[in-house]
Structures are given as C-alpha cells and as structure tokens.
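Visitor: here are the coordinates; sequence isn't available:
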C-alpha cells in the first residue's frame, strides 16, 4: 500500500537509519574510488539511488521504477562512453546495490502483491543489464558466475523476506487497531444503551404507574384520570429534558463530568429523583467525603434504576429505603423495599438491561454490586464504589 500521506517528520524518523547507512557506504565508496585515482563516475547514480531509497515509503512503486530506469540508463551510457568502473562483481556500485535491496524490501512491504512482484522483476532486470553492459576495470571471471548468482539470489531473498516480515507486522498492527476501535465503539454503544435505559425507563415507568393507577380507580372516581394527566405530562416533559441533556453530553455540548459539581448538588439530584417517584420513600444522604463528578453521575443512575425497578416490579410495596453515604474512599448505595414479586422480574431490569447494566457500571468503576431478595420479603440493592482508582 503506497503511503503518500506519510508526513516528512514521520518519514525522517522512520528512514534515518537507512539514510545514515547509505551515506556511510557512499562516503567509503567515494574515498576508495579517489584513492585508486578513478573518476567518481558512479557518484551521481549512487547518490540519486540513495535519495530515492530513503524517500521510497511515500511512493514505493514509483521509486522502484525510477531506480530501475536509472541503473539501466547509466549502464547504457557507461557502455557507450567505454568508461570502466570499479563496480561490484554483480555490476552495481555497492551503494547502488544497497539502495536496490532497500527499495525491494520497502516495495514488498507496502505495495500490492502484483505491483511489488513486477518491481522486483524490473530491478532484477536492471541489475542483469548492468552486469552485461557496464565495463569493469577488474580482470577476472565473468560476472554471471555461479558465486555471483548465489550471492544475488541470497541477498534478494533476504530483502524480500524482510519486506514480507514488516508487511505481516503492519497487517497485525492494523488488525489490532481495528479491533481496538471496534471494542471502543462497542463500549460506547453499551454505555449509551445504559444511559438511555436509565433515563427513559425511569420516566416512562412513572407515567405507566400513574396511568394504571388512574385506570384502576376510574370507575369509582371519574376525575382520577384527569388528575393524572398533568403528572403524566410533566413526566413526559422531564423525560424529553433528560434526553436532550444526554444527547448534548454525547455531542460534547457539556462535559460528562458536569452532572454533579459537588456533593450538595448530588444530594439535591438524588432528592429530586425521590420526589419524582413519590410514595413511601425514605431517603438518607450522608456525603461527608468528596465524590468525584463522574462517580456522582453513576451514583445518580444507580439510585434511579433501583427506584425504577422497585416501582415496576414490587408488589404490595409500602416502603423504599434509599441510603447513600461516602466514607473514606468508598461511596455506598443501598436501596431496599418491602415489596414482593421481585425475585425474578428485575434480573433484566425494566428493559432487559437493568441489573446487568448496574453491575457493569459498578464493575467498570472498580466497585462491588449485589442484588437479591431480603429474608422475608422485599428486594435489596447494594453498591460500593471507590472514589479513587
């Protein structure tokens, strides 16, 4: 995969070892050439090939093609001018050869399989052309000896293997990143589902309870339905307000931690929840130690869901006790009722996610959650949440 979007700073951090290695090889090669009183004919070609190798991660196929053309063209030029060079035994200057190996590895790593294979063939063909055309100042056996073929094949295999190794690593990293994004999205969906459930179920349950109560006494008191309508309307408006607040928080209109600025506001919000529920609810709030805003939001949701479950599932309910305390580095929430019929119904909550969502919320905060029937009758929810993690 070509990476034209690779920024120059990132390219510099990634390619500086290769640039340093090629510069060192080029310096040694130039020094050796001058020591033998040979004109540095290969310096421009080696320098350009090195630059292309360093820049190749941005456009690996183009870089490979350019180096292949450069080697082939310089070989033809050296042949026409009959310039003998001290190239390596395979027809390339050492810096040229190192640049070719680097480009092969980078192309195999980043380009598509077909294009990478074609570029490897092109660079191999250019090297063969250099062996055929470039005159050498060194006497000796032909460049197409068995030793040269073995050396070239071995180094080519190393370059291709290096590219395949980094290609596999890149694929694993992309897979891990995709899995991480998917997990984060799933966590966000679950958090949103919990928030929607906690907000909507609370108000809708209140509307249903008032409507059912009005319906049950309508025959005896014809004015009861009319008296219940303002309460139902108010609950609906409160649900819309809560939904708008939730959507605003999700959009970033207000930080998620602003639900409770201090313990006093948290106590007021819990009291407002109890007033909305109405009926025989006894509330005790003792927040002696500071409660972080994010934790306060979760405490509010836990109380809200516990009250919703009690109102919806408890039968013959006469009392609900809500106790919220902070001591040391722990916030404790305890909601108990004396109703019956709770042994099975609330496992999924009012929408199938009640107790499950409460347990998940507590565990995400590093806390402890317990829920179950009391000894004689009633249902108990107990939560302990650490204020620091």
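Guide: Cool, the structure landed. Here the structure is a predicted model, which means the values were calculated and not measured.

Visitor: for the stretch 51-200 of the chain, what spans make up the helices?
Guide: 60-81, 94-110, 113-133, 146-216 (DSSP state H, counting those that start in this stretch).

Visitor: any idea which of those helices is most buried?
Guide: Mean neighbour count (mean count of other Cβ atoms under 10 Å) peaks for helix 94-110 among these, with a mean of 25. Bear in mind the C-beta positions are built from the backbone N, C-alpha and C, glycine included.

Visitor: tilt between that one and helix 146-216?
Guide: 30 degrees (axes from the mean of the first three to the mean of the last three Cα atoms, to 10 degrees).

Visitor: I'd like the distance from helix 94-110 to the chain centre, please.
Guide: Distance, stretch centre to chain centre, for helix 94-110: 32 Å (Cα atoms, centre = their mean, to the nearest Å).

Visitor: contact partners of stretch 173-190?
Guide: residue 360 (Cβ atoms under 8 Å, 6 or more residues apart in numbering).

Visitor: just say helix, strand or coil for residue 285.
Guide: Using DSSP: H, G, I helix; E, B strand; the rest coil, the secondary structure recorded for residue 285 is strand.

Visitor: next, count neighbours for it.
Guide: 18 (other Cβ atoms under 10 Å).

Visitor: contacts only, for it.
Guide: Applying Cβ under 8 Å, 6+ apart, the residues near residue 285 are 267, 270, 271, 324, 325.

Visitor: a markdown table for those residues, including distance to residue 232, neighbour count and pLDDT?
Guide: Output for those, formatted as a markdown table (distance: Cβ to Cβ, whole Å; neighbours: other Cβ atoms under 10 Å; pLDDT from 0 to 100):
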| residue | distance to residue 232 | neighbour count | pLDDT |
| --- | --- | --- | --- |
| 267 | 27 | 18 | 87 |
| 270 | 23 | 23 | 88 |
| 271 | 22 | 13 | 88 |
| 324 | 28 | 23 | 93 |
| 325 | 34 | 15 | 92 |
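
Visitor: pLDDT score for the closest residue to residue 64 other than its chain neighbours?
Guide: Closest residue to residue 64 apart from its sequence neighbours, by Cβ to Cβ, 6 or more residues apart in numbering: residue 119 at 3.8 Å. What the model reports as pLDDT for residue 119 is 95.

Visitor: next one: residue 181
Guide: 80.

Visitor: any idea how far it lies from residue 174?
Guide: 10 Å (Cβ to Cβ, to the nearest Å).

Visitor: repeat that for residue 104.
Guide: 22 Å.

Visitor: mind listing what the residue nearest to residue 64 touches?
Guide: 60, 61, 64, 65, 68, 103, 104, 107, 111.

Visitor: residue 377 now?
Guide: Taking Cβ under 8 Å, 6+ apart as the definition, contacts of residue 377 comprise 338, 339, 340.

Visitor: which other helices and strands contact the helix or strand where residue 231 lies?
Guide: For residue 231, the enclosing helix or strand under DSSP states H and E is helix 224-251. Contacts defined by 3 or more Cβ pairs under 8 Å, 6 or more residues apart in numbering; DSSP states H and E place helix 224-251 against helix 146-216.

Visitor: just how off-centre is the helix it packs on within its chain?
Guide: For helix 146-216, the distance to the chain centre is 7 Å (Cα atoms, centre = their mean).

Visitor: could you check the angle helix 60-81 makes with it?
Guide: Using the same axes, to 10 degrees: helix 146-216 against helix 60-81 is 160 degrees.

Visitor: helix 146-216 versus helix 224-251: what angle between them?
Guide: Using the same axes, to 10 degrees: helix 146-216 against helix 224-251 is 160 degrees.

Visitor: residue ranges with poor pLDDT in the chain?
Guide: 1-5, 36-40, 85-91, 136-145, 195, 197-202, 242, 245-262, 341-354, 389 (pLDDT under 70).

Visitor: tell me the domain boundaries of it?
Guide: What automatic domain parsing lists as the domains of the chain is 8-144, 259-389.

Visitor: circling back to that earlier point, which members of the contacts of residue 285 occur in helices, if any?
Guide: 267, 270, 271 (DSSP state H).

Visitor: want to throw those into TSV with distance to residue 310?
Guide: Listed next are these as TSV, based on distance: Cβ to Cβ, whole Å:
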residue	distance to residue 310
267	20
270	15
271	17
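
Visitor: which one of those is nearest residue 308?
Guide: residue 270 (13.9 Å; Cβ to Cβ).

Visitor: give the contact list for that closest one.
Guide: 283, 285, 299, 300, 303, 322, 324.

Visitor: follow-up on the earlier one: for the contacts of residue 377, which one is nearest residue 237?
Guide: Each of the contacts of residue 377 was checked against residue 237 using Cβ to Cβ; the closest is residue 339, at 28.3 Å.

Visitor: is it true that that closest one touches residue 311?
Guide: No - taking contacts as Cβ atoms under 8 Å, residue 339 lies outside contact range of residue 311: 9.2 Å.

Visitor: neighbour-wise, which of the two wins?
Guide: Just comparing residue 339 and residue 311: by other Cβ under 10 Å the higher neighbour count belongs to residue 311, 22 against 18.

Visitor: buried residues, the helix or strand containing that one. List them.
Guide: In this assignment (DSSP H and E), residue 311 forms part of helix 293-313. Neighbour-count burial for helix 293-313, counted by 16 or more other Cβ atoms under 10 Å, picks out 293, 295-313.
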